[in-house]
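**Student:** Starting from these lines, generate the structure:
(2 chains)
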Amino acid sequence: MQRHFDRDIEDLKDLLLRMGAMVEDAITQSIRALLERDTPLAEEVIGNDSRIDQMELEIDRLTLELIAKMQPAAVDLRFVAAIMKITPELERIADLAQDVCERVIELNREPPLKPMVAIPHLAQDAQTMVRQALDAFVRGDATLARQVIKQDDVVDQQTEQSFRELLTYMLEDPRNISRAIRLTFIGKYFERMADGATNICEMVVYLVEGKMIKHTPVTQNP
Amino acid sequence: MLTAIDMERFNAALAPSAAALESMNAKISVRDFDFFYGSAKVLHGITLDIPDRQVTALIGPSGCGKSTFIRSINRMNDIIPNARAKGTISIDGRAIYSSDTDVVSLRRRVGMVFQRSNPFPKSIYDNIAYGLRIGGMRNRRELNNVVERSLIRAALWDEVKDRLNESAFALSGGQQQRLCIARALAVDPEVLLMDEPASALDPIATTKIEELIWDLKVNYTIVIVTHNMQQAARVSDRTAFFMLGRLVEYADTKTIFMNPKEKMTEDYVTGRFG
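**Tutor:** Below you'll find the model as predicted:
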């Protein structure tokens, strides 16, 4: 039986996906702005962030309305809870893309440091994780969600590697320090995006299986 | 942010441990219970333990057998011609369908409240004193005490103490229902069966009944049939979901409403049925 509630849920899902698409765009553009040293593009990403903030408010409003009117239970309840947890994660990821762009604008005022090796990989992997987290949510795919969670360790290693790389530049020449620190920040921002993707995936597992796997070691979550 | 303790509580709420279920002190034990109206089998092999001094909700679509089941617990179904039970229901370990059961004393131990409040056409006082007098209580002071105590327990005393001699029909629907609860409590039962006790009441009267159920479970084992899913979620500790005369799922109420194991239960509590 098709319920009115199902339509509301579909609407909410669509809205979350539209927000997800905007967040993915923000990440893609922040990476491009970084690699191509494109200040106008970085400014554009910063300018678009308020639209993502608005969507978060809209989703919050609809979710609360749904709870008040429908009093969801079981999988419906878990869906609404998942939406309420996933939306702020997406908003935070968008903020991180904005932070990347702010550092890019600062970096672009100086000549490039060195060809970057670790950060582009890290950025791509974080972006892939966010996309897969959203895919896992749409498809209700707990297996994919768990794969993404495991990927987080790889991203953490890459962050560490990029830090070591940048440290050598700083030791080489003190004039590199301010740029290298900005790039270290950028590495950290991408790493935090991957953490956000992990949090989203934990909620996908909760949505599908009713199991809260947050704050438990990966080894205990086969 | 959730603390580790919150998470522990949360996970415990999602999955009650097997140990917790085993340690549950069963007041009513039901084993392979079948029920027939003539040749029609309406309950199929029901097996469950109803814990002492907790609220157990029975939910399920109309005709699923939940009302037949609750009426089996005090043998109210006996009065229906051609009705027949198989299997066992025990209260405190004593089989209530055994031939030596005194049905009258069983019904005194297992009180019942119905959907439509059904006070006797008597005064408020006499509604409660009636069962006591039948039980042989004659002493006026003793009667007064029990009437007062029952009305206090049913959270009605303050509203009626100055008009105990008025007709019970002068009370509002919600008050009449609480009067029926007081009447059931007067004979000092151990188990209270409630068949949709609030479905004919307005939201305020419903809240009062629900608050009352919370208070009563300190002293009584309560079994409640309800069509109102939120009510089951609010008042009960455990929930049994019935479907087509079978017990589909029986668990902690939180589990039933957050993470039921059976697809059928999930479809029912989310209103996906059809």
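**Student:** In terms of pLDDT, where does residue 198 sit?
**Tutor:** Just so you know, I chose chain A. Predicted confidence (pLDDT) for A:Thr198: 97.
**Student:** ah, no, chain B please
**Tutor:** 91.
**Student:** Contact partners for it?
**Tutor:** When contacts are counted by CB atoms under 8 Å, 6 or more residues apart in numbering or on different chains, B:Ala198 touches B:177, B:205-206, B:209-210, B:226, B:228, B:231. In this view, the C-beta of every residue, glycine as well, is placed from N, C-alpha and C.
**Student:** what about the helices in the stretch 51-200 of chain B?
**Tutor:** Applying DSSP state H, counting those that start in this stretch to the stretch 51-200 of chain B gives helices spanning B:66-72, B:103-109, B:124-134, B:140-153, B:157-160, B:173-186.
**Student:** ok now the last one, how far from the chain's centre?
**Tutor:** By that I understand helix B:173-186. 14 Å (CA atoms, centre = their mean, to the nearest Å).
**Student:** what comes up buried for it?
**Tutor:** For helix B:173-186, the neighbour count (16 or more other CB atoms under 10 Å in any protein chain shown) marks B:174-186 as buried.
**Student:** The closest residue to B:Ala168 other than its chain neighbours: neighbour count?
**Tutor:** Spatial nearest neighbour of B:Ala168, excluding adjacent residues (CB to CB, 6 or more residues apart in numbering or on different chains): B:Pro119 at 3.7 Å. The tally of other residues near B:Pro119 (other CB atoms under 10 Å in any protein chain shown) stands at 21.
**Student:** same question, the one 5 residues further on
**Tutor:** The local packing count at B:Ile124 equals 28, with neighbours defined by other CB under 10 Å.
**Student:** for the one 5 residues further on, same thing?
**Tutor:** Close neighbours of B:Ala129, defined as other CB under 10 Å, add up to 22.
**Student:** Get me the contact residues on chain A for chain B.
**Tutor:** A:1, A:3, A:5, A:71-78, A:210-212, A:214-215 (CB under 8 Å from any CB of the partner chain).
**Student:** Quick one, which of those residues are buried?
**Tutor:** For the residues of chain A next to chain B, buried by 16+ other CB under 10 Å: A:5, A:72-78, A:210-212, A:214.
**Student:** which one of the buried residues of helix B:173-186 is nearest chain A?
**Tutor:** Nearest to chain A, judged by CB to the nearest CB, of the buried residues of helix B:173-186 is B:Gly174 at 22.3 Å.
**Student:** tell me which element the residue lying closest to the closest one once chain neighbours are set aside is part of?
**Tutor:** Once flanking residues are discounted, B:Gly174 sits nearest to B:Ala205: 2.6 Å by CB to CB, 6+ apart. Taking DSSP states H and E as the criterion, B:Ala205 maps to helix B:203-216.
**Student:** Average pLDDT for that helix, rounded please.
**Tutor:** 90.
**Student:** And it, what does it pack against?
**Tutor:** Counting contacts by 3 or more CB pairs under 8 Å, 6 or more residues apart in numbering or on different chains; DSSP states H and E, helix B:203-216 is packed against helix B:173-186, strand B:221-225, helix B:229-235.
**Student:** A:Ser162: which of the ones you listed is closest?
**Tutor:** Evaluated with CB to CB, the helices and strands packed on helix B:203-216 place helix B:229-235 nearest to A:Ser162, the distance being 49.8 Å.
**Student:** Quick one: residues contacting residue 132.
**Tutor:** Picking chain A for this. A:144, A:147-148, A:197 are the contacts of A:Gln132 under CB under 8 Å, 6+ apart.
**Student:** Actually, chain B is the one I wanted.
**Tutor:** B:143, B:146, B:186-187.
**Student:** Who wins on neighbours among those residues?
**Tutor:** B:Ala186 (25 neighbours).
**Student:** about what we covered before: would a markdown table of the buried residues of helix B:173-186 with pLDDT be doable?
**Tutor:** A markdown table is the format used below for the buried residues of helix B:173-186 (pLDDT from 0 to 100):
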| residue | pLDDT |
| --- | --- |
| B:Gly174 | 92 |
| B:Gln175 | 94 |
| B:Gln176 | 94 |
| B:Gln177 | 93 |
| B:Arg178 | 94 |
| B:Leu179 | 95 |
| B:Cys180 | 94 |
| B:Ile181 | 93 |
| B:Ala182 | 94 |
| B:Arg183 | 94 |
| B:Ala184 | 93 |
| B:Leu185 | 93 |
| B:Ala186 | 93 |
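**Student:** before we move on, back to that, between the helices of the stretch 51-200 of chain B, which one is closest to A:Pro174.
**Tutor:** Here helix B:66-72 is closest among the helices of the stretch 51-200 of chain B (CB to CB), at 78.7 Å.
**Student:** For the closest one, enumerate the helices and strands it packs against.
**Tutor:** Using 3+ CB pairs under 8 Å, 6+ apart, helix B:66-72 sits against strand B:26-37, strand B:40-51, strand B:55-59, strand B:191-195, strand B:221-225, strand B:238-243.
**Student:** Tell me which of the ones you listed approaches A:Ile181 most closely.
**Tutor:** Using CB to CB, these put strand B:238-243 closest to A:Ile181, at 57.5 Å.
**Student:** could you point out which element follows the closest one?
**Tutor:** strand B:246-252.
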